[in-house]
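>>> This is the structure alone, sequence omitted:
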């Protein structure tokens, strides 16, 4: 579904990502781990086209997407989350989600000329948002401002926001950081449920327990290079991974 | 009668500033663009109106054509300014728009063949001045300003309550996330920027009518700062706040005229105005950081009167609700 071939990125003299290739198939949950500064987020930024790559190729649904724009890849179904889940602090949960679907009313003239269509679209989106919020147990807080949510709830909201855009693959950047164990269990359930419904995931996280629990395959990055890949079992026994994570050799 | 004329003049001036503040709120408050070029579009609106309607220098066109023309010209200019500078973020945008405003003022001061330079153009016509006696003209004009201000307000408020308003606030809150859900931010910014500039340009026509002269020194950056101060005083992102802030600021500034002091101190008193608006700004920022009227959160459910098909009745008062 998503193929990354020999992707590289330099920031000045720093090679943040060196010649990384990876592949995500439909219906898989793929993990991306590595110590701080390994280049995981940079890789995400390039795949979601927030950053341009220096060399390499990104293919999504059998089409090359590098050189395209972030908006265009979102339209094709590639969604990403951010490490710091701030969302839109001064917007309510409802608004946070209702802003997502493409809306004809989002224009200056449209606001005054297409009132009827706007109300219809809004009603439709509203129903969708409400059912999504129910699934994630956030419905009671729908009129709360996002800034009043806890970090864990914000992570869930972030997941909801991406789901509103009808993604085919979701790139999650540290969905488990700052999430308490109880909500983490729920997060795992949500991700696994979505996978069973046909969603594909690429997940960055430092919580290896979490990664081992959900992932089918894992890639490990260190200093911008791919050092290992395989099933959770293979990765947990891999000497290279142990040495970069734990400093033992 | 004199006091009435003075008061209506005050209301007209306050109203013009309120129009500016509402326009600025559209891109500064709701969209979060740090635009310090307000006075630039104001000047372009005023000058293009004057040059279209005045005989010489100018084209001597009818007043309504001048008004429409000034809005169009301001829009075109802001298209150029916006296209070149809107990719910049916060402080960089601020400094760029500020520079554009200064360029416009300096051009107005130096292109003497076009604008009559620093001397300016005097004795400009006002709308309906032939039908209304000069003594009560200000009264009529204040009414006209208030009517247009009301239109501005309703327009901006409708925009704020619409999906477009929500989208604009989303861009203000977090540009990156807005981009990550597939929105074309730059195009939106440009559109709103042009809209706001056109609104400022129209306000420029009113300023010309109010002053009945036009000269480059009417368009110093002080106007930009006054409008921003008014907006911050009243409450960013809130149209009601913008209007209230503008009137409060103008009234307080003009009230310094009534402090009884000997003539030799009157120049010092003029400096006091700046001091007072600065003091008000600091006090508001310290004690009411959201402004006199904070931006209000309106629930989508209330705005569009939504009913969920499967409504769940919730116990009242159990949860702190930001909507109430």
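On my side now, so go ahead. Bear in mind that the values here come from a model prediction, so they are computed numbers and not experimental data.

>>> can we go C-alpha only for contacts and neighbour counts from here?
Will do.

>>> For chain A, what lies in contact range of chain B?
A:70-75, A:79-82, A:87-92, A:94-96, A:99-100, A:102-103, A:105-108, A:111, A:118-119, A:123, A:127, A:141, A:143-145, A:161-162, A:165 (Cα under 8 Å from any Cα of the partner chain).

>>> Please name the nearest non-neighbouring residue to residue A:15.
residue A:9 (6.0 Å; Cα to Cα, 6 or more residues apart in numbering or on different chains).

>>> For the nearest residue to residue A:41 once chain neighbours are set aside, give its distance to chain B.
With Cα to Cα, 6+ apart as the criterion, residue A:41 has its nearest non-adjacent residue at 7.2 Å, and that residue is residue A:173. Distance, residue A:173 to chain B, by Cα to the nearest Cα, to the nearest Å: 13 Å.

>>> and residue A:173, backbone torsions?
Phi and psi for residue A:173, reported as degrees, to the nearest 10, are phi -100, psi 100.

>>> still on that earlier bit, now, which of the residues of chain A next to chain B lie within strands?
The strands, defined by DSSP state E, take in A:79, A:80 from the residues of chain A next to chain B.

>>> ok, and the residue nearest to residue A:15, which helix or strand is that part of?
Per DSSP states H and E, residue A:9 falls inside strand A:2-11.

>>> Can you give me the buried ones in that strand?
A:2, A:3, A:4, A:5, A:7, A:8, A:9 (16 or more other Cα atoms under 10 Å in any protein chain shown).

>>> and if you look at stretch A:170-183?
For stretch A:170-183, burial by neighbour count (16+ other Cα under 10 Å) applies to A:170, A:171, A:172, A:173, A:174, A:175, A:176, A:177, A:179.

>>> that older thread, Provide the strand pairings for the strand holding residue A:9, with the direction of each partner.
Here strand A:2-11 has these sheet partners by DSSP bridges: strand A:14-24 (antiparallel), strand A:55-60 (antiparallel).

>>> Count residues in the vicinity of the residue nearest to residue A:28 when sequence neighbours are not counted, would you?
Distance criterion Cα to Cα, 6+ apart; nearest residue to residue A:28, sequence neighbours excluded, is residue A:200 at 5.2 Å. Using other Cα atoms under 10 Å in any protein chain shown, residue A:200 is surrounded by 26 other residues.

>>> can I get the strands paired with strand A:2-11 in a markdown table with mean neighbour count and distance to residue B:219?
Shown next, in a markdown table, are these (neighbours: other Cα atoms under 10 Å in any protein chain shown; distance: least, Cα to Cα, whole Å):
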| stretch | mean neighbour count | distance to residue B:219 |
| --- | --- | --- |
| strand A:14-24 | 18 | 48 |
| strand A:55-60 | 18 | 51 |
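
>>> List just the one of these that sits closest to residue A:36.
Residue A:36 sits nearest to strand A:14-24 of all the strands paired with strand A:2-11, at 11.5 Å, using Cα to Cα.

>>> how is chain A carved up into domains?
Partitioning chain A according to the TED database yields domains covering residues A:1-77+A:167-248, A:87-166.

>>> Alongside chain A, which residues does chain B contribute?
Residues of chain B lying close to chain A by Cα under 8 Å from any Cα are B:158-159, B:162-164, B:166-167, B:169-170, B:173-174, B:177, B:179-184, B:188, B:191-192, B:297, B:299-300, B:304, B:306, B:308, B:321-323.

>>> Tell me which helix or strand residue B:248 sits in.
Per DSSP H and E, residue B:248 falls inside helix B:239-255.

>>> For that helix, name the packing helices and strands.
Secondary-structure packing of helix B:239-255 (3 or more Cα pairs under 8 Å, 6 or more residues apart in numbering or on different chains; DSSP states H and E): helix B:2-24, helix B:137-161, helix B:221-234, helix B:266-287.

>>> so can I have a markdown table of those showing mean neighbour count and mean pLDDT?
Formatted as a markdown table, these follow (neighbours: other Cα atoms under 10 Å in any protein chain shown; pLDDT from 0 to 100):
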| stretch | mean neighbour count | mean pLDDT |
| --- | --- | --- |
| helix B:2-24 | 23 | 91 |
| helix B:137-161 | 18 | 93 |
| helix B:221-234 | 24 | 91 |
| helix B:266-287 | 14 | 83 |
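
>>> Dump the ones you listed into a markdown table; add distance to residue B:101 as well.
Below are the helices and strands packed on helix B:239-255 laid out as a markdown table (distance: least, Cα to Cα, whole Å):
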| stretch | distance to residue B:101 |
| --- | --- |
| helix B:2-24 | 14 |
| helix B:137-161 | 23 |
| helix B:221-234 | 8 |
| helix B:266-287 | 21 |
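
>>> closest to residue B:251 out of those helices?
Ranking the helices and strands packed on helix B:239-255 by proximity to residue B:251 (Cα to Cα) places helix B:2-24 first, at 7.4 Å.

>>> which outside residues touch that closest one?
Defining contact as Cα atoms under 8 Å, 6 or more residues apart in numbering or on different chains, one finds that helix B:2-24 is touched by B:38, B:135-136, B:138-139, B:141-143, B:145-146, B:149, B:152-153, B:156, B:196-197, B:199-200, B:203, B:206-207, B:210, B:227-228, B:230-231, B:239, B:242-247, B:250-251, B:254.
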